Every structure is written in C-alpha cells, then in structure tokens.
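Enquirer: This is the structure alone, sequence omitted:
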C-alpha cells in the first residue's frame, strides 16, 4: 500500500496480508491494533523480522518498533478507543489503519453474518447446532 493511494480521512481495516511503503509508516498515520497482546505474543515467539512470517500490518509495525523507526507508544489498542479511554476519529482528515490480526471473535462475527445472509436468501444448508440455545 502506498501513501499516495490514501486520501485524507480514510479508515483502513486491514484483515489481510499487506506491505506498506515508508510513507505509510509515518506519524500522520494512526496505527491501531485489534488486540495488542496478540502481537506481543508473536514478538515473544518469532524471529526478527516477523512480517515475512506473519504479513499483517500490525506485525510490520512491531518490526518498525524493533528497528527503532517508530515509537511503541504510537501503536494504539482498539479496546481503549471502544472503552472511551482514547478518542475515536480526532479530525476529518485523520488516516486510521486498523490491523486485524486474527481475533477469533472477528471470525465468529463474520461467519454469523454470512450464515444469516445465506439463510435469508435461501441458499446453503441450515445448521442445527442445538435444540435449545444455552444462552439467550
């Protein structure tokens, strides 16, 4: 991804492998992680650089921290924004990149959406997982 492709005010949800140019590493790009602990675990387990092994943009950001090219404090956790401890969009021109590193809850949410849409369209196979749901 090149900085010149991104307009002011863009929100980028990055759930797939990605490489970014040097300009996308800059301080003007707000770098948000879906769950910082996931990336910290990668950092404990993987050799450097990590991005060639796990090509998520958040992993690249941790490589940049290790290289001394960005500050660890420039990486934000989505939970702080959702909880109101950090601001959401700061201004209309802010560019935000959210690294989706593979939280299972995201997979469940997307799977539920796809499944319900298929049922509504009368396609696919209805799954019966239980007679009565335990949680309501």
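Expert: Looks like it came in fine. What you see is a predicted model; the values in this text were computed from it and never measured.
Enquirer: got the buried residues for stretch 50-69?
Expert: Buried residues in stretch 50-69, counted by 16 or more other C-beta atoms under 10 Å: 50-51, 54, 56-65. Glycine gets a C-beta too; all of them are placed from N, C-alpha and C.
Enquirer: same check, this time on stretch 110-119
Expert: Buried positions in stretch 110-119, judged by neighbour count with 16+ other C-beta under 10 Å: none.
Enquirer: Where does pLDDT dip in the protein?
Expert: 102-104 (pLDDT under 70).
Enquirer: Go through it and flag its longest helix.
Expert: helix 104-120 (DSSP state H).
Enquirer: now it, how far from the centre of its chain.
Expert: Chain-centre distance of helix 104-120: 18 Å, with C-alpha atoms, centre = their mean, to the nearest Å.
Enquirer: so where do the strands sit in this protein?
Expert: For the chain, the strands defined by DSSP state E occupy 11-14, 29-33, 75-77, 95-99.
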